[in-house]
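Novice: Need coordinates for the below:
(chains A and B)
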Amino acid sequence: MNETRSTPTPNHRAASQRPAEVSRRDFLGEITMGALGVAGLGGAALTYQYFSPNVLFEPSTNFRAGNPDLYPVNSVTFLQEQQVYIVRTSGGFYAVSAVCTHLGCVTQWKPEANIIACPCHGSKFEPNGKKIEGPAPRPLPHFSVTLTADGELLVDKLQVIKADQVLNV
Amino acid sequence: MATSFHTAIESLRATRVWKSIFRRGPAITNRTRSVAVFGNLFLHWLPVKVLEKSLRTRAAYYLGSLSFLLFLLLVITGVLLMFYYHPAAPNAYRDMKDLRFVVSNGVFLRNMHRIAAHLMVLLVFCHMFHVFYRGGYKPPHEFNWVIGVVLLLLTLFLSYTGYLLPWDQLAFWAVTVGTNIVSAMPVIGSKVRFVALGGNIVGENALLRFYVLHVVILPLLAFLFIGVHFWRVQKDGGLTVRSKDDDGKN
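Specialist: Residues are numbered from 1 along each chain as shown, chains lettered A, B, ... in the order given. Sure thing, here's the model as predicted:
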């Protein structure tokens, strides 16, 4: 055995081009560390997946808001569970988020002052979501409102639309 | 009297049980005193000798020890509160109300936990300011200063996770606002918020997550870092920050 080990292996390349010799111990050590690193990254990814729930017991982002006749013309109606205002003007319907764009508190409709106000840090908005004063950085977003086949309002909170889009009924 | 006490101790030391626990003779010489300290899990990180000037302390030197005592008090009262608390909605709020109005001495324990928590945040900050103005972040104490900053963060996280557990309006909106601040982080903000809450809103998942962090993960981390902190105080040469213009004349 010793004899075969000491026999020089056939060398097709010049010595200068040959990569540095790696001992078997170092090679196995590097393989092991690499495998552990891959396993560690995989473990981190699996842990992240584990902590991201797949099923949420939260109010649906897509909901029916009832018959349009429920809402008088020139009214703002707060839907508590969905945290949305259904606003009806003479021009039609739109849905405005009730969640303050500052830090996520739920705002309140103040009919006597004709504003939407946030109780946490005092942001104020017009009924169409336009910001009157901060600290909120952005206006309240508008959600898509459509009519279902049986004539009910359907709000989709995942579809943010432009503030000038109004549903005529 | 003294001799009978002495003989009682001596006969206790002669018992097999005592010898199996301590495996050494009485600590009467410098060597046996050192062996007593080295051979004890709870004392082995203490130095065998302490500089006299590091024992001459002002009241402000006790801020760290008081923080630690409050931490122990919070662990004890917190474990007792756990016997009546369910981390679920709507039980959590009812259990908190029960602790205040129904459970014998519940209001005492709850308030002790609550007020001790507020005091601990205050004292930890006082301790940090005291160490800072004494120059306690300078060599050889740099590493222990960093450990201290970790402990400050752990104190704040413990305080914040405990804030949600009463499950009242204050808790709900405080955590809503706080986690929205987290989501302002660039790129990963909303993901971090989603994982921290276990959802998009502060719900039962969030309550359970904060509970586990509050009663298991953060206290264990705190114990670990407190251990390193105390050990490094001794290894860095005691409490006194030695400098030319303040040679232990406290």
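
Novice: longest helix of chain A?
Specialist: helix A:24-51 (DSSP state H).

Novice: What pairs with the very next helix or strand once past it, parallel or antiparallel?
Specialist: The element immediately downstream of helix A:24-51 (helix or strand, assigned by DSSP states H and E) is strand A:62-66. Partners of strand A:62-66 in the sheet, by DSSP bridges, are strand A:153-161 (antiparallel).

Novice: how about the strand it pairs with: buried residues?
Specialist: A:Leu153, A:Leu154, A:Val155, A:Asp156, A:Lys157, A:Ile161 (16 or more other C-beta atoms under 10 Å in any protein chain shown). C-beta here means a position set from N, CA and C on the backbone, and glycine is covered the same way.

Novice: In which helix or strand does B:Pro26 reside?
Specialist: Going by DSSP H and E, B:Pro26 is not in any helix or strand.

Novice: And it, its phi and psi?
Specialist: Dihedral angles of B:Pro26 (phi, psi; degrees, to the nearest 10) stand at phi -60, psi 150.

Novice: give me the number of residues near it?
Specialist: 12 (other C-beta atoms under 10 Å in any protein chain shown).

Novice: does it really touch B:Arg33, like I thought?
Specialist: No - taking C-beta atoms under 8 Å as the definition, B:Pro26 is not a contact partner of B:Arg33, at 9.7 Å.

Novice: Quick check: which element contains the residue nearest to B:Pro47 when sequence neighbours are not counted?
Specialist: In space, and not counting its chain neighbours, B:Pro47 is closest to B:Gln234: 5.0 Å by C-beta to C-beta, 6 or more residues apart in numbering or on different chains. If you go by DSSP H and E, B:Gln234 is part of helix B:218-235.

Novice: could you give the mean pLDDT of that helix?
Specialist: Regarding helix B:218-235, the rounded mean pLDDT is 91.

Novice: any weak-confidence spans in chain B?
Specialist: Counting by pLDDT under 70, chain B contains low-confidence residues at B:1, B:53-57, B:59-60, B:238-250.

Novice: and the residue nearest the centre of chain A, what does it touch?
Specialist: By C-alpha atoms, centre = their mean, chain A has its centre lying nearest to A:Leu158, at 9.3 Å. For A:Leu158, the contacting residues are A:Thr61, A:Asn62, by C-beta atoms under 8 Å, 6 or more residues apart in numbering or on different chains.

Novice: quick one: low-confidence ranges for chain A?
Specialist: For chain A (pLDDT under 70), the answer is A:1-19.

Novice: Out of the buried residues of strand A:153-161, which comes closest to B:Leu123?
Specialist: Of all the buried residues of strand A:153-161, B:Leu123 sits closest to A:Lys157, with 44.9 Å by C-beta to C-beta.

Novice: out of everything not next to it in sequence, what's closest to the closest one?
Specialist: Using C-beta to C-beta, 6+ apart, the nearest residue to A:Lys157 is A:Thr61, at 4.2 Å.

Novice: ok, that neighbour - how many residues close by?
Specialist: Neighbour number of A:Thr61 under other C-beta under 10 Å is 14.

Novice: can you check the one 10 residues further on too?
Specialist: The local packing count at A:Tyr71 equals 18, with neighbours defined by other C-beta under 10 Å.

Novice: Skipping adjacent residues, who's closest to it in space?
Specialist: Nearest one to A:Tyr71, counting by C-beta to C-beta, 6+ apart, is A:Arg88 at 4.4 Å.

Novice: Can you pull the phi and psi angles for A:Asp150?
Specialist: Main-chain torsions, A:Asp150, degrees, to the nearest 10: phi -90, psi 20.

Novice: any idea how far it lies from A:Thr89?
Specialist: A:Asp150 sits 24 Å away from A:Thr89, going by C-beta to C-beta, to the nearest Å.

Novice: Give me every residue in chain A lying close to chain B.
Specialist: A:Tyr48, A:Phe51, A:Ser52, A:Pro53, A:Leu56, A:Phe57, A:Glu58, A:His102, A:Leu103, A:Gly104, A:Cys105, A:Cys120 (C-beta under 8 Å from any C-beta of the partner chain).

Novice: Report the buried members of those residues.
Specialist: A:His102, A:Leu103, A:Gly104, A:Cys105, A:Cys120.

Novice: which one is the third one nearest to, not counting chain neighbours?
Specialist: The one in question is A:Gly104. B:Asn180 (4.0 Å).

Novice: OK, contacts around that neighbour?
Specialist: B:Asn180 sits in contact with A:His102, A:Leu103, A:Gly104, B:Arg193, where contact means C-beta under 8 Å, 6+ apart.

Novice: And those residues, which is closest to A:Val22?
Specialist: B:Arg193 (46.3 Å).

Novice: Nearest spatial neighbour of the closest one, chain-adjacent residues omitted?
Specialist: B:Ser183 (4.1 Å).
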